[in-house]
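Novice: can you look at this prediction? I've put the sequence above it.
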Amino acid sequence: MASLLYNLGRMVGPSMRKGKWLWQSLTGTEQERMEAEWSVGRDLAAAMRSGMAVDPAPEAAQLLTEVGAELAKCTRSQFRRFEFTVVGQDTPNAFALPGGFVFVTRPLLDLMGADRDELAFLLGHELSHVTEEHALQRVVADLTIGAAMRRLSSLGAVAQSWMKTTGGRLLQSAYSRDTELAADRLGAQLAGAAGFDRGAATRMLTRLQASAGRSEGKGIAAYFASHPPFDVRIAELERHLAR
């Protein structure tokens, strides 16, 4: 994984091209791996923000940061850093980049109102994709496979266009059914460990399910169509929470 991270950093990291990429002696320690992943995520996040409008409302950013900070304290690694951004995309969505860069669109945030417990589950779900390295594995696999298929001598050319085409869509799409269900369980567990109501997980999914069934919920339905069905997610969470 360390060598893959190094190669990925060379492809997408402007700091590397400027001679400031400090990935010397990547021996595989936890701290080095976290720093390497964060550096990759930072550059991907910058590319993502360049194509999306960051929500200007300070209260929305503050809410995300406050709840996210409480969750971050309960993650397994002391070396991970997280950054939370509200963006003004039209459709409800939330996704995480390698390194801990989490994006939530304003429509999805508005659906939860000021319910910090529901937000804690949502962010916990996304943080789990980071801590379990789902986001990192997806990026590494797609970039390396794409480069191999194109047989280009300059891998940087692949990476530069990746976020504007395949990458942007890939990072905002759902993972496999099992991966999404695992992130639900871990997200609820993380929310509970941080002092939030774990039961808000099923409450949020039930409300989103109801909203998706109404005409005004078409955007929600489109987003969650790539996820496991709401009924399955709710049932799995109820079984997990009953233990």
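Specialist: That came through, no problem.

Novice: beyond the lowest-mean-pLDDT helix or strand in the chain, next helix or strand please.
Specialist: Across the helices and strands of the chain, mean confidence by mean pLDDT, DSSP states H and E is lowest for helix 14-17: a mean of 40. Following helix 14-17 in sequence order, the next helix or strand is helix 30-50 (DSSP states H and E).

Novice: hang on, residue 186 packs against residue 126?
Specialist: No: the pair residue 186 and residue 126 does not pass the contact test of CB atoms under 8 Å, sitting 10.5 Å apart. All C-beta atoms are positioned from the backbone trio N, CA, C, and that covers glycine.

Novice: show me what the helix or strand containing residue 118 is packed up against.
Specialist: With elements delineated by DSSP H and E, residue 118 resides in helix 116-131, which encompasses its position. If contacts are counted by 3 or more CB pairs under 8 Å, 6 or more residues apart in numbering; DSSP states H and E, helix 116-131 sits against helix 58-72, strand 94-97, strand 101-105, helix 106-112, helix 134-150, helix 177-193, helix 200-212.

Novice: of all those, which one comes closest to residue 85?
Specialist: Closest to residue 85 of those, according to CB to CB: strand 101-105, at 5.2 Å.

Novice: pLDDT weak spots in the chain?
Specialist: For the chain, the stretches with pLDDT under 70 are 1-28, 140-175, 214-226.

Novice: go through stretch 102-119 and flag the buried ones.
Specialist: Buried residues in stretch 102-119, counted by 16 or more other CB atoms under 10 Å: 102-109, 111-112, 115-119.

Novice: biggest separation within those residues, which pair?
Specialist: Pairwise distances among the buried residues of stretch 102-119 were taken by CB to CB; the largest, 20.6 Å, belongs to 103 and 117.

Novice: ok, back up a step: and among the helices and strands packed on helix 116-131, the most buried is which?
Specialist: Mean neighbour count (mean count of other CB atoms under 10 Å) peaks for strand 101-105 among these, with a mean of 25.

Novice: any idea of the angle that strand forms with helix 58-72?
Specialist: With axes from the mean of the first three to the mean of the last three CA atoms, to 10 degrees as the basis, strand 101-105 and helix 58-72 are set at 140 degrees to each other.

Novice: tell me the buried residues in stretch 79-97?
Specialist: Taking 16+ other CB under 10 Å as the criterion, stretch 79-97 shows 80, 82-87, 89, 92-97 as buried.

Novice: let's see stretch 110-128 as CSV, backbone CA atoms only.
Specialist: What follows is stretch 110-128, C-alpha atoms only, in CSV (Å, rounded to 0.1, in the frame of the first residue of the first chain):
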residue,chain,number,x,y,z
ASP,A,110,-31.4,20.7,5.2
LEU,A,111,-33.4,17.4,5.2
MET,A,112,-31.9,16.7,8.7
GLY,A,113,-32.6,20.1,10.0
ALA,A,114,-30.7,20.8,13.2
ASP,A,115,-30.8,17.1,14.3
ARG,A,116,-27.2,16.6,15.5
ASP,A,117,-27.9,12.9,16.2
GLU,A,118,-28.9,12.2,12.6
LEU,A,119,-26.0,14.2,11.3
ALA,A,120,-23.7,12.2,13.5
PHE,A,121,-24.8,9.0,11.9
LEU,A,122,-24.5,10.5,8.4
LEU,A,123,-20.9,11.7,9.1
GLY,A,124,-20.1,8.5,11.0
HIS,A,125,-21.1,6.6,7.9
GLU,A,126,-18.7,8.7,5.7
LEU,A,127,-15.9,8.6,8.3
SER,A,128,-16.1,4.8,8.2
